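Novice: structure of the sequence below:
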Amino acid sequence: MSELLQSLRRRIRTQGPLTIADFMAEALLNPQHGYYRRADPFGRDGDFITAPEISQIFGELIGFWVIEMWQVLGSPAQASLVELGPGRGTLMTDALRAAKVVPEFLEAISVHLVETSPVLRKAQKNQLSDYSPTWHDSVATLPDMPNFIIANEFFDALPIHQFRYTDVGWREVLVGLGNEELDLMISPRETPHVALIDDVITRNAKIGDVTEVCPAAISLFELLASGIIKNGGAALVIDYGSEFEEPKATLQGFQGHQPKNFLDSPGEVDISAHLDFSALKRAAPPGICSWGPIAQRDFLLSMGIEVRASRLTEFATDKEKVIIDSACNRLLSPSEMGTLFKVLAVTFGDKEQPSLPPGFVK
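Specialist: Just a heads-up that it's a prediction; the model follows:
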């Protein structure tokens with residue numbers, strides 16, 4: 001039995017059942033034994049592969065998006081290029097390589113990475129040493145200047161609260177002990193975070209339905225939006241999820257690229273939930289405009305993924321062409337990542353402004 005599992009069992013025995021949010025926080029971020037603190041989870045040898053690891057084109061197009069937004073804002077002489085949860089630094093590396101076509105952009109920006117994992121910070125340092133990045137434990141310490149923020153598969157790992165609809169209303173799903181094993185149970189009384197469940201979800205709920213809320217995502221989004229209002233900049237959020245109008249249980253565990261009970265082996269299993277984009281949009285303060293979400297497929301096509309892929313294949317071997325085509329298919333296909341993943345842009349102002357952000361076409 002792992003030390004983290006022993007610790008969780010002791011905590012439940014002495015303090016009572018945990019919310020799923022508390023369980024996720026320990027399983028993913030425990031300073032000694034948390035999933036994101038102990039190892040590199042990315043790639044074929046890890047538990048999942050993200051879009052930047054599939055194709056360099058993904059990060060390059062994100063780089064072009066940021067450059068265009070920087071130009072729309074008047075090309076500020078000082079700005080920050082920020083990534084939340086940058087993994088191995090692959091996306092940022094590809095974005096900065098693409099940005100070399102606009103040298104004045106590279107001269108204006110400094111690179112900032114919001115990352116708490118010592119293992120991943122080391123990988124990021126190896127990839128990005130030429131750009132002297134600054135690391136942050138949270139977005140609260142980002143510099144007071146225009147921030148251009150990238151969040152690819154970041155929000156889905158934030159701790160969520162889960163609720164089941166009963167004959168007395170919503171009751172929170174908790175992590176307790178059954179025969180000394182971690183098990184799910186229902187709170188006998190209403191808990192505070194039920195207030196975050198949108199009315200439309202409740203109207204469409206029936207007995208037994210499950211829904212989820214993520215206070216951490218809402219708080220983070222509000223903080224990012226406030227920074228954009230204060231200093232300028234923009235944000236691009238890419239994640240799997242939807243604008244939910246009815247209850248849906250999405251909490252999942254993954255290990256070795258296969259589904260896994262999220263209660264099993266805490267600290268060794270990736271745990272995530274689909275992002276509720278509608279909750280983020282409701283959290284946007286006055287002065288902020290949210291664009292989308294649109295399907296990742298539509299965003300990448302609008303940003304020119306086919307043109308970029310065609311240029312890469314001009315001098316590629318037959319084997320390399322197959323790899324490029326396969327990677328693009330994985331990013332675009334509705335049966336792969338193309339429609340499961342959504343893209344949300346956040347800018348200062350409102351929708352009365354004359355132009356859409358890059359990649360968001362009417």
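Novice: mind listing the helices for the stretch 51-200 of the chain?
Specialist: For the stretch 51-200 of the chain, applying DSSP state H, counting those that start in this stretch gives helices covering 51-54, 56-72, 90-98, 103-108, 118-128, 199-203.
Novice: tell me which strands and helices the last one is in contact with?
Specialist: For helix 199-203, not one helix or strand is in contact under the criterion 3 or more C-beta pairs under 8 Å, 6 or more residues apart in numbering; DSSP states H and E. From N, CA and C alone the C-beta is placed, and that goes for glycine too.
Novice: run the last query once more with 10 Å
Specialist: strand 161-166, strand 169-178, strand 210-213, helix 277-283 (3 or more C-beta pairs under 10 Å, 6 or more residues apart in numbering; DSSP states H and E).
Novice: could you dump the ones you listed to CSV with mean neighbour count?
Specialist: Shown next, in CSV, are these (neighbours: other C-beta atoms under 10 Å):
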stretch, mean neighbour count
strand 161-166, 21
strand 169-178, 18
strand 210-213, 22
helix 277-283, 20
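Novice: now the ones you listed in CSV, with distance to residue 102 and mean pLDDT?
Specialist: Output for those, formatted as CSV (distance: least, C-beta to C-beta, whole Å; pLDDT from 0 to 100):
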stretch, distance to residue 102, mean pLDDT
strand 161-166, 43, 98
strand 169-178, 49, 96
strand 210-213, 40, 98
helix 277-283, 29, 95
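Novice: where does pLDDT dip in this protein?
Specialist: Applying pLDDT under 70 to the chain flags the ranges 1, 39-48, 350-354, 362.
Novice: domain map for it?
Specialist: Per automatic domain parsing, the domain ranges recorded for the chain read 3-28+160-212, 37-158+213-244+265-348.
Novice: deepest-packed of these, please.
Specialist: For these, the largest average neighbour count (mean count of other C-beta atoms under 10 Å) is found in domain 37-158+213-244+265-348, namely a mean of 19.
Novice: how far does it sit from its chain's centre?
Specialist: Distance of domain 37-158+213-244+265-348 from its chain centroid, counting by C-alpha atoms, centre = their mean, to the nearest Å, is 8 Å.
Novice: before we move on, what about stretch 148-167?
Specialist: Chain-centre distance of stretch 148-167: 9 Å, with C-alpha atoms, centre = their mean.
Novice: pull it out as CSV, backbone CA atoms only.
Specialist: This file holds the C-alpha atoms of stretch 148-167, laid out as CSV (Å, rounded to 0.1, in the frame of the first residue of the first chain):
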residue,chain,number,x,y,z
PHE,A,148,-0.8,36.3,-23.8
ILE,A,149,-1.9,33.1,-22.1
ILE,A,150,-2.0,29.6,-23.4
ALA,A,151,-3.9,26.9,-21.5
ASN,A,152,-3.8,23.6,-23.4
GLU,A,153,-5.3,20.7,-21.4
PHE,A,154,-4.8,22.5,-18.1
PHE,A,155,-8.3,23.2,-16.8
ASP,A,156,-9.4,19.5,-17.1
ALA,A,157,-7.0,18.5,-14.3
LEU,A,158,-8.3,21.0,-11.8
PRO,A,159,-10.2,19.4,-8.9
ILE,A,160,-14.0,19.1,-9.3
HIS,A,161,-17.0,18.5,-7.1
GLN,A,162,-19.5,15.9,-8.2
PHE,A,163,-23.2,15.8,-7.3
ARG,A,164,-26.0,13.2,-7.7
TYR,A,165,-29.6,14.3,-8.1
THR,A,166,-31.8,12.7,-5.5
ASP,A,167,-35.5,13.0,-4.4
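Novice: thinking again about what came up before, including distance to residue 196, could the helices and strands packed on helix 199-203 go into CSV?
Specialist: As requested, the helices and strands packed on helix 199-203 are exported to CSV (distance: least, C-beta to C-beta, whole Å):
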stretch, distance to residue 196
strand 161-166, 8
strand 169-178, 10
strand 210-213, 4
helix 277-283, 8
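Novice: sec struct for residue 300, please.
Specialist: helix (DSSP: H, G, I helix; E, B strand; the rest coil).
Novice: same question, residue 32
Specialist: Three-state assignment for residue 32 (three-state DSSP): coil.
Novice: please identify the helix or strand for residue 265.
Specialist: Under the criterion of DSSP states H and E, residue 265 resides outside all helices and strands.
Novice: which one of the helices of the stretch 51-200 of the chain lies nearest to residue 25?
Specialist: Proximity to residue 25 (C-beta to C-beta) singles out helix 118-128 among the helices of the stretch 51-200 of the chain, at 17.7 Å.
Novice: what's the closest one packed up against?
Specialist: helix 35-38, helix 90-98, strand 109-114, strand 134-136.
Novice: got a list of contacts for the last one?
Specialist: Meaning strand 134-136. If you take C-beta atoms under 10 Å, 6 or more residues apart in numbering as the criterion, strand 134-136 is touched by 80, 82, 84, 86, 110-116, 121, 124-125, 141-143.
Novice: what strands line up against it, and which way round?
Specialist: strand 109-114 (parallel) (DSSP bridges).
Novice: CA atoms only: put the partner strand into PDB for me.
Specialist: Presented in PDB, the C-alpha positions along strand 109-114 are these (Å, rounded to 0.1, in the frame of the first residue of the first chain):
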ATOM      1  CA  ILE A 109       8.100  39.100 -25.000                       C
ATOM      2  CA  SER A 110       9.400  37.300 -21.900                       C
ATOM      3  CA  VAL A 111       8.400  33.700 -21.300                       C
ATOM      4  CA  HIS A 112       6.500  32.700 -18.200                       C
ATOM      5  CA  LEU A 113       5.500  29.100 -17.200                       C
ATOM      6  CA  VAL A 114       3.000  28.200 -14.500                       C
END
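Novice: and the nearest residue to residue 282 once chain neighbours are set aside, how far is that from residue 120?
Specialist: Using C-beta to C-beta, 6 or more residues apart in numbering and skipping residues adjacent in sequence, the residue nearest residue 282 is residue 198, 7.4 Å away. Distance, residue 198 to residue 120, by C-beta to C-beta, to the nearest Å: 34 Å.
Novice: sounds good, over and out.
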